[in-house]
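K.L.:
Got a sequence here, can you model it:
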Amino acid sequence: MKHHVLVLDDEADVRTAIRLQLKDTQFEVLEAENVQQAIELLGDNPISIDVIICDVRMPGVSGVEAVATFQREYPTTPVIVLTGFPDVDLAVDFMKKKDVVEFLTKPVEKDKLISAVEQAASGRKLFE
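P.N.:
Down below sits the predicted model:
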């Protein structure tokens, strides 16, 4: 059975890299370049998205705001935060939040990504 991972990042190269890293795993990647696209994908059938990987710094709505939206609107879907700008305070803040299961730094190592996604998918709750 395939699990679905929604990757929200404004950089196409990052989305492609994550899709390629998860290629031969149990995870199928859906891509969104902005929060609106992500919400449209989630709105179609949020129960089918097992994990959200969300960039922190994007134009328009920031990743911080996006994560807050995901946690409010889709509380059973775990979130992995991805950033190209490591910030210890931000990482600690995110990890304290409910359902942020990992804080990864770009470029993320394949094994670390797969492990984080597996952990998030296995810990997903179907009901709040």
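K.L.:
what's the neighbour count on Val56?
P.N.:
When counting by other CB atoms under 10 Å, one arrives at 21 neighbours for Val56. (Each C-beta comes from the backbone N, C-alpha and C, glycine too.)
K.L.:
swap in Thr25?
P.N.:
Other residues close to Thr25 by other CB under 10 Å number 16.
K.L.:
Spit out the contact partners of the closest residue to it other than its chain neighbours.
P.N.:
Excluding the flanking residues, the one nearest Thr25 by CB to CB, 6 or more residues apart in numbering is Ile114, at 6.0 Å. Shown in contact with Ile114 (CB atoms under 8 Å, 6 or more residues apart in numbering): Gln21, Leu22, Thr25.
K.L.:
Extract the CA atoms of the host helix or strand of Ile114 and return them as CSV.
P.N.:
Element membership for Ile114 (DSSP states H and E) is helix 110-122. Extracted C-alpha coordinates of helix 110-122, given in CSV (Å, rounded to 0.1, in the frame of the first residue of the first chain):
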residue,chain,number,x,y,z
LYS,A,110,18.1,10.3,1.8
ASP,A,111,18.2,8.0,4.8
LYS,A,112,17.3,10.7,7.2
LEU,A,113,14.3,11.8,5.0
ILE,A,114,13.0,8.3,4.6
SER,A,115,13.3,7.6,8.3
ALA,A,116,11.5,10.8,9.2
VAL,A,117,8.7,10.2,6.7
GLU,A,118,8.3,6.6,7.9
GLN,A,119,8.2,7.7,11.5
ALA,A,120,5.6,10.4,10.7
ALA,A,121,3.4,8.0,8.7
SER,A,122,3.5,5.3,11.3
